[in-house]
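this is a predicted model, with the sequence first.
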Amino acid sequence: MEIDQKNRILLLEDDEGLVDGLCYSLKKSGYEVETAGCVREAKESLAHRQYDLLLLDVTLPDGTGFQVCEAVRAQGDQVPIIFLTASDEEMNVIRGLDSGGDDYIGKPFKLGELLSRIRALLRRAGMKQARETLKETDSLVCGDIRIDFAGSRVFLRGEKLELTQAEYRLLSLLVRSCGRVVTREIIFEELWDHAGNFVDDNTLSVYIRRLREKVEKDPSKPEHLITARGFGYCWKEI
């Protein structure tokens, strides 16, 4: 995954060997990484800088990662947080989530799995910020399409489109990303987050076909809702 602007990660971990390995891998993956070896150092870093994601060890020399998480959430900061824990016992998992954590991964873990979870949380955080920005603007106009975010309505050449909730979310995602390919993975994340239902390739294909029937002059020859084979879909404004 290419990262246009480096996301800054704070790694709170007192195992120097693990810190060295993680820092190398995260930086190689395009992230900017800062480290802290104890709760005090982490709180000092958080007081002076903003981060895009926190990786918090649970057991530390002067406290726990739970304390850091709780302090961050008490300030209203919704930065994504992943706990690195030597134990995945249910009570530790519950404690982490109750303190405001978004995810956890048990040690030892596979680097690929950790990177995948980091990407997923950063992607969700980015989409959430985009939705909040759109709420502030209330509406978006793109060619013949106008989306009324306050009323969750879409108009095509002034006529209201009759869309299901899933179709509305999908069309909104594509239109606000006009000119850029939206991968299937991102679409699945977006629809899962809001609907709470599993969306697979077959279901997505149905949504795409229905949207084309409603927005294209000739659904068999789409001019706006374009398939990027092997990647996802793109909204194109002629």
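That came through, no problem.

so for whatever helix or strand residue 189 lives in, mean pLDDT?
Using DSSP states H and E, residue 189 sits in helix 184-195. Helix 184-195 carries an average pLDDT of 69.

ditto for stretch 106-121
Stretch 106-121 comes out with an average pLDDT of 86.

got the buried residues for it?
114, 117, 118, 119, 120, 121 (16 or more other C-beta atoms under 10 Å). The way it works is simple: take the backbone N, C-alpha and C, and place the C-beta from them, glycine included.

now do stretch 47-60
Across stretch 47-60, burial judged by 16+ other C-beta under 10 Å covers 51, 52, 53, 54, 55, 56, 57, 58, 60.

likewise stretch 140-151?
The neighbour-count check on stretch 140-151 (16+ other C-beta under 10 Å) flags 140, 145, 146, 147, 149 as buried.

before we move on, what about stretch 177-188?
Neighbour-count burial for stretch 177-188 flags 177, 182, 184, 186, 187, 188 (criterion: 16+ other C-beta under 10 Å).

as a check, name the ranges of all strands in this structure.
8-12, 32-36, 53-57, 59-60, 63-64, 81-85, 103-106, 139-142, 145-148, 153-156, 159-160, 181-183, 225-228, 232-235 (DSSP state E).

want to throw these into TSV with distance to residue 19?
TSV is the format used below for these (distance: least, C-beta to C-beta, whole Å):
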stretch	distance to residue 19
strand 8-12	7
strand 32-36	6
strand 53-57	10
strand 59-60	12
strand 63-64	17
strand 81-85	11
strand 103-106	16
strand 139-142	43
strand 145-148	45
strand 153-156	49
strand 159-160	55
strand 181-183	32
strand 225-228	39
strand 232-235	36
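
which residues touch stretch 10-27?
Where contact means C-beta atoms under 8 Å, 6 or more residues apart in numbering, the residues beyond stretch 10-27 that reach it are 9, 33-39, 41-42, 45-46, 49, 51, 53-57, 60-61, 65, 68, 84, 107, 111, 115.

okay, it in PDB with CA atoms only?
This file holds the C-alpha atoms of stretch 10-27, laid out as PDB (Å, rounded to 0.1, in the frame of the first residue of the first chain):
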ATOM      1  CA  LEU A  10       3.900   6.000  18.600                       C
ATOM      2  CA  LEU A  11       5.300   2.600  19.800                       C
ATOM      3  CA  LEU A  12       5.100   2.000  23.500                       C
ATOM      4  CA  GLU A  13       7.200  -1.000  24.300                       C
ATOM      5  CA  ASP A  14      10.000  -1.800  26.700                       C
ATOM      6  CA  ASP A  15      11.500  -4.900  24.900                       C
ATOM      7  CA  GLU A  16      14.400  -3.300  23.100                       C
ATOM      8  CA  GLY A  17      14.800  -6.300  20.700                       C
ATOM      9  CA  LEU A  18      11.100  -6.100  19.700                       C
ATOM     10  CA  VAL A  19      11.300  -2.300  19.400                       C
ATOM     11  CA  ASP A  20      14.300  -2.500  17.000                       C
ATOM     12  CA  GLY A  21      12.600  -5.000  14.800                       C
ATOM     13  CA  LEU A  22       9.200  -3.200  14.700                       C
ATOM     14  CA  CYS A  23      10.800   0.200  14.000                       C
ATOM     15  CA  TYR A  24      12.700  -1.200  11.100                       C
ATOM     16  CA  SER A  25       9.700  -2.900   9.600                       C
ATOM     17  CA  LEU A  26       7.300   0.000  10.200                       C
ATOM     18  CA  LYS A  27       9.700   2.500   8.700                       C
END
